[in-house]
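J.: Kindly generate the corresponding structure for this input.
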Amino acid sequence: MSDTKKIKAGLLPFYLKLYDDYKPEIRDGFTEFVQQISEALEARGITVQSAPVCRVAREFKDAIRQFEEDEVECIMTLHLAYSPSMESIDAFCASTLPVVILDVTMDSDFGIQVSPDRIMYNHGVHGVMDFASMLRRRRRPFEIVAGHGADSKTQDRIVETVRAAVAAHALRNSRVLRVGATFPGMGDFSVDESVLKTALGISVNQVEVDVLDAAVVTVTDADVDQEVVEDNERFICELDSADHARSVRVGLGLRQLLNEGGYTACSVNFQEFDRADRPADTMPFLEICKAMGRGIGYAGEGDVLTAALVGALAQGFDAVTFTEIFCADWSGGSLFLSHMGEISTSVAEGKPRIIIKPFFLGGSLDPAVVTCPVQPGPAVFVNLAPGPDDTFSLIVASVEVLPEGGKLQPEMRNVIRTWMRPQLEVSAFLEAYSCAGGTHHSALVLGDHADGVAAFGRMSGLEVVRI
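T.: Here you go, the predicted model:
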């Protein structure tokens, strides 16, 4: 169900003008190498935009300006030869695009039998050292991947690190819509909006439900009918058509707000939906699930911090959902994840169902929700934890999503549910998690992406805690 996003990355080759001045024919020997790197990444789902080979400050400045104009999401540096760092460092420090250094060369074998002719085509390593050292001195975040350029494991690691860079860039440019106030008394994810902006780059706009009312009023019957048709193609719809249309109408109103405001994430406090005599007469759980499937971040109860996290991770790692640890299965060695009515369609195993779920608060009409099993296999449980003195940590835990295996109680089919098994015993995991300051709202990233998520944390300037 994931609407997989295509990542766009810039590839910037470094070179030395001195070589062009004295032996210009040498540079042609790198053309195939650059093309091979680009093609390998394209085959792994990255759209690569290559810059011309850069040697001097003006060329680096022009290449990065072009990357920014073309809205690439990170810069990969490819060091064809030694390149003095002072030619490139100012241009990189003037840009906010994340940097991934590719410390890769043509030849895998450079032992005692190698010809000296191959030195010219494999000596970019010390140029990497010069460049990385200067980035660190300038406090410019970067990640680095070293290895043979044609090695598939190296190429996979590059892609994972690019995904991390894209997520870090997304976090720093988060725009979060909050509908209604924050759930009173929830303190763990509560952070002053000025701190969110200064420390993490997250912008927040809070509106009341009457703003959603106004958007819902503008939704046409034709829009509703079309969305219902599409829902019947994408989902197993087990609800009355009138109830379905009603939830879709409110959801399309929320979608309109998100699109018009250019928001990358949102949070909706279900407590604000306490009346049926208004256009926004139901909690828009259905649209929230679809929005996460499109890569929009979400967290419940006004939690804009975790919403921004979910949205950023979704830009890099695709199958991501908001979630919450609800119960501990001590005897089974797993943890039960759930929430009221929110799960991303991107993590679904098979075709999700849409049902009507009784709204336990009353007041508003019963909402439509998506329910489904989650794809079993490796995953990463992620939490963005506020700390003392306006600091933040990223808690990263490799876990396994367990298959339901036909053992599910019938009533549980209508519940948002996932069971995950951490690498530690449940008791040790929960102790370590709370000692690290983990909040009760988190993200779940499907796939073996723990190293990539940790790199995302480092590139975002966060302390990374691995459990």
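J.: State the three-state secondary structure for Ala299.
T.: strand (DSSP: H, G, I helix; E, B strand; the rest coil).
J.: Then Met186?
T.: coil.
J.: Excluding chain neighbours, what is closest to it?
T.: Glu301 (5.9 Å; CB to CB, 6 or more residues apart in numbering). In short, each C-beta sits where N, CA and C put it, glycine included.
J.: now swap in Thr218 and tell me
T.: Gln256 (6.9 Å).
J.: Now do the same for that neighbour: helix, strand or coil?
T.: helix.
J.: returning to what we had before: report pLDDT for the residue nearest to Met186.
T.: Glu301 is assigned 89 on the pLDDT scale.
J.: Residue numbering should commence at 52 henceforth.
T.: All set: I'll call the first residue 52, so the last point we hit is now Glu352.
J.: Can you tell me how far it is from Pro235?
T.: 10 Å (CB to CB, to the nearest Å).
J.: The two: which is more packed in?
T.: Glu352 (23 against 9; other CB atoms under 10 Å).
J.: ok, that one - contacts?
T.: Thr233, Phe234, Met237, Ser318, Asn320, Phe321, Gln322, His492 (CB atoms under 8 Å, 6 or more residues apart in numbering).
J.: Most neighbours among these, which one is it?
T.: Ranking these using other CB under 10 Å puts Ser318 first, with 30 neighbours.
J.: Give me the pLDDT for it.
T.: For Ser318, pLDDT reads 96.
J.: so when I look at it, I'm seeing a strand, right?
T.: Yes - assessed with three-state DSSP, Ser318 lies in a strand.
J.: For it, name its beta-bridge partners.
T.: Arg229, Ala350 (DSSP bridges).
J.: Mind listing the strands the helix or strand containing Leu495 pairs with, and their directions?
T.: Counting by DSSP states H and E, the element that carries Leu495 is strand 493-497. If you go by DSSP bridges, strand 493-497 pairs up with strand 371-374 (antiparallel), strand 428-437 (antiparallel).
J.: now, of the ones you listed, which is deepest in the fold?
T.: Neighbour counts (mean count of other CB atoms under 10 Å) averaged over each of these peak at strand 371-374, with a mean of 30.
J.: which residues touch Asn222?
T.: Not Asn; residue 222 is Leu. Contacts of Leu222 by CB under 8 Å, 6+ apart are Leu251, Gly252, Ile253, Ala359, Leu360, Ala363, Phe507, Ser511.
J.: Pretty sure it sits in a helix.
T.: Yes - counting by three-state DSSP, Leu222 falls inside a helix.
J.: so how many other residues sit close to the residue lying closest to Gly346 once chain neighbours are set aside?
T.: Excluding the flanking residues, the one nearest Gly346 by CB to CB, 6+ apart is Ala365, at 4.3 Å. Neighbour count for Ala365, taken as other CB under 10 Å: 30.
J.: what does Gly489 give?
T.: Quick note: Gly489 (other CB under 10 Å) scores 23 neighbours.
J.: my guess is it meets Gly438, correct?
T.: No - look at Gly489 against Gly438 with CB atoms under 8 Å: they stay out of range, at 10.9 Å.
J.: can I assume Ala218 is in contact with Gln366?
T.: Yes - if you go by CB under 8 Å, Ala218 and Gln366 touch, sitting 5.6 Å apart.
J.: And those two? Which one has more around it.
T.: Using other CB under 10 Å as the criterion, Ala218 and Gln366 rank with Ala218 on top: 32 against 23.
J.: show me the contacts for the nearest residue in space to that one that is not next to it in sequence.
T.: Computed as CB to CB, 6+ apart, the closest residue to Ala218 that is not its neighbour in sequence is Gly367, at 3.3 Å. By CB under 8 Å, 6+ apart, the contact list for Gly367 reads Ile58, Arg214, Ala215, Ala216, Val217, Ala218, Ala221, Gly503, Phe507.
J.: And for the strand holding Leu495, what's in contact with it?
T.: Taking CB under 8 Å, 6+ apart as the rule, strand 493-497 contacts 357, 360-361, 364, 368, 370-376, 388, 397-398, 425-426, 428-434, 452, 469, 471, 504.
J.: what pairs with the closest residue to Leu481 other than its chain neighbours across the strands?
T.: Distances taken as CB to CB, 6+ apart place Ala379 nearest to Leu481, at 6.7 Å, with adjacent residues excluded. Beta bridges link Ala379 to Leu386, judged by DSSP bridges.
J.: neighbours of Ala379, just the number please.
T.: 15.
J.: Wait, it touches Val477, no?
T.: Yes - assessed by CB under 8 Å, Ala379 is found in contact with Val477 at 5.4 Å.
J.: which residues are common contacts for these two?
T.: Leu386.
J.: Mind jotting down where the strands sit in the stretch 202-351 of the chain?
T.: Per DSSP state E, counting those that start in this stretch, the stretch 202-351 of the chain carries strands over the ranges 226-230, 254-258, 287-288, 316-319, 348-351.
J.: I'd like the ones you listed written out as a markdown table, with distance to Ile209 added.
T.: Formatted as a markdown table, the strands of the stretch 202-351 of the chain follow (distance: least, CB to CB, whole Å):
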| stretch | distance to Ile209 |
| --- | --- |
| strand 226-230 | 29 |
| strand 254-258 | 31 |
| strand 287-288 | 39 |
| strand 316-319 | 27 |
| strand 348-351 | 25 |
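J.: Leu186 is nearest to which of those?
T.: Closest to Leu186 of the strands of the stretch 202-351 of the chain is strand 254-258 (CB to CB; 26.7 Å).
J.: Mind listing what's buried along that closest one?
T.: Ser254, Val255, Asn256, Gln257 (16 or more other CB atoms under 10 Å).
J.: cool, stretch 504-517 as well?
T.: In stretch 504-517, counting by 16+ other CB under 10 Å, buried: Val504, Ala505, Ala506, Phe507, Gly508, Arg509, Met510, Ser511, Gly512, Leu513, Val516, Arg517.
J.: got the contact list for the closest residue to Lys341 other than its chain neighbours?
T.: Counting by CB to CB, 6+ apart, Thr396 is the residue found nearest to Lys341 once chain neighbours are left out, at 6.1 Å. Thr396 is in contact with Met52, Ser53, Arg285, Cys340, Lys341, Met343, Gly344, Pro403, Val421, Cys423, counting by CB under 8 Å, 6+ apart.
J.: So which of those sit within helices?
T.: Residues of those located in helices (DSSP state H): Arg285, Cys340, Lys341, Met343, Gly344.
J.: will you turn those residues into TSV that also has distance to Met180, pLDDT and neighbour count?
T.: Shown next, in TSV, are these (distance: CB to CB, whole Å; pLDDT from 0 to 100; neighbours: other CB atoms under 10 Å):
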residue	distance to Met180	pLDDT	neighbour count
Arg285	50	95	17
Cys340	47	97	30
Lys341	47	97	26
Met343	42	97	28
Gly344	43	96	25
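J.: which one of the residues you listed sits closest to Ala142?
T.: Met343 (36.4 Å).
J.: Relative to Val452, how far out is the residue nearest to that closest one when sequence neighbours are not counted?
T.: Nearest non-adjacent residue to Met343, counting by CB to CB, 6+ apart: Ser395, 3.4 Å away. From Ser395 across to Val452, the span is 13 Å (CB to CB).
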